[in-house]
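Chemist: task: produce atomic coordinates for the following.
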Amino acid sequence: ALGALAAGGRAIVIGLGAGQHLDLDLRVLLAKRAQLAGATLRARSPEEKGDVVAAAGQAALGHLRAGRLQVPVLATYPLAEAEAAYERFAAGGKLGKIVLLGPGVG
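Modeler: You can find the predicted model right below:
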């Protein structure tokens with residue numbers, strides 16, 4: 001996914017949900033003049049974790065508001081179709097969020 005990173009961009013790894021090993025072409029990292037960083041919350045106190053989550057949330061919201069960050073949405077489902085939404089989620093092979101819409105939304 002480094003090919004999608006902007007020149008001078010940063011790739012940050014937090015957690016290992018996708019596995020602990022990475023096949024990385026360092027030429028792409030160097031050509032992009034990119035930064036790669038990693039962190040874990042596991043060893044931090046609950047207070048530190050809260051601070052990190054709050055700061056990340058504020059930063060993300062600022063980028064969303066400014067249009068610099070977009071969340072890919074694969075599909076939306078009315079709340080009444082939550083079972084179908086879960087089936088689509090469980091099927092895998094998706095790129096994007098599956099969103100449940102509350103009453104009167106959509």
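Chemist: quick one, what contacts the residue nearest the centre of the chain?
Modeler: When Cα atoms, centre = their mean is applied to the chain, the residue found nearest the centroid is Val71 (8.2 Å). Contacts here follow Cβ atoms under 8 Å, 6 or more residues apart in numbering; on that basis Val71 touches Leu64, Lys97. (C-beta placed from N, C-alpha, C; glycine too.)
Chemist: if I look at it, what pLDDT would I see?
Modeler: At Val71, the model reports a pLDDT of 85.
Chemist: name the SS class of it, please.
Modeler: The three-state label given to Val71 by DSSP: H, G, I helix; E, B strand; the rest coil is coil.
Chemist: who are the packing partners of the helix or strand of the chain with the lowest mean pLDDT?
Modeler: Ranked by mean pLDDT, DSSP states H and E, the weakest helix or strand in the chain is strand 10-14, scoring a mean of 85. Where contact means 3 or more Cβ pairs under 8 Å, 6 or more residues apart in numbering; DSSP states H and E, strand 10-14 is packed against strand 35-39.
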